[in-house]
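> can you look at this prediction? I've put the sequence above it.
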Amino acid sequence: MDSTATSEQITAVLSPDQDAATTKRLDPRPTTPGYDRGSESLVHTTTLPDKSVYSWPKLVTAGILVLILVAVSVGVIWSLRARSRTADAIQINKSLIYPGSRTIVDMSDSGGAVLQLETSDALENVRAWYEANLKPTKTLRVTSTSVIQKKENVTVTLVSEDKLTSIVIKQVR
């Protein structure tokens, strides 16, 4: 045999229709016993965070905390606005409160104030006290059981009924 003849063999040519890519994705290889090639265990999935981080009790608790924060915030804002309105409100001068009387209504806002008092003193005693302390510029006896007194922006209405005298003091801005 000729040594030159055996050393020269035909060169194999790869077929031109094969993929020309230099790298190729390989199928994953089994690493555990009992691997089944069709199983879902090796299907590519995106990694999700641990479901316990987003569990319903935690979401409900977070929602409740947010609602409480909103409620507290609204309450604080409301009280601050109410306080500023009260600061602007007109107050009845305390020197006009009949001694020993009981307060029935006390309302005020930025436009004025109303104070209703009640006493067991007789109408004439209450009228005389307001005559001395208010020093009204106008007095009107409406009936034998009612009197209206006025000075500038303050009006005092006195009404006697069933052994009680009702006093309504109105002050406007």
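Done, it's in.
> helix, strand, or coil at Leu69?
What DSSP: H, G, I helix; E, B strand; the rest coil gives for Leu69 is helix.
> distance of Thr61 relative to Ser73?
To Ser73, Thr61 is 19 Å away according to Cβ to Cβ, to the nearest Å. Placement of C-beta: from N, CA and C, glycine included.
> ignore the last one, Arg25
55 Å.
> neighbour count winner among those two?
More neighbours surround Ser73 than the other of Arg25 and Ser73, with 10 against 6 (other Cβ atoms under 10 Å).
> check contacts around that one.
Contact analysis of Ser73 by Cβ atoms under 8 Å, 6 or more residues apart in numbering lists nothing.
> before we move on, which element is it in?
In the assignment (DSSP states H and E), Ser73 maps to helix 56-88.
> now swap in Thr165 and tell me
strand 164-172.
> contact partners of that strand?
Contacts for strand 164-172 (Cβ under 8 Å, 6+ apart): 90, 92-93, 96, 98, 101, 104, 111-123, 126, 130, 153-160.
> among these, name the buried ones.
Buried members of those, scored by 16 or more other Cβ atoms under 10 Å, are 90, 92, 96, 98, 101, 112-117, 119, 121, 123, 126, 130, 154-160.
> so which of the residues you listed are in strands?
Cross-referencing those against strands under DSSP state E gives 112-117, 119, 154-160.
> closest one of these to Ile68?
Ala113 (36.3 Å; Cβ to Cβ).
> and the helix holding Ser73, average pLDDT?
Computed over helix 56-88, the mean pLDDT rounds to 82.
> pull the CA atoms of the helix or strand that comes right after that helix into CSV?
Where DSSP H and E defines the elements, the next helix or strand beyond helix 56-88 is strand 102-109. Below are the C-alpha coordinates for strand 102-109, written out as CSV (Å, rounded to 0.1, in the frame of the first residue of the first chain):
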residue,chain,number,x,y,z
ARG,A,102,-78.4,78.6,83.8
THR,A,103,-77.1,78.5,80.2
ILE,A,104,-79.6,76.9,77.7
VAL,A,105,-78.0,77.8,74.4
ASP,A,106,-74.6,79.3,73.5
MET,A,107,-73.9,79.7,69.8
SER,A,108,-71.5,81.9,68.0
ASP,A,109,-69.8,82.4,64.6
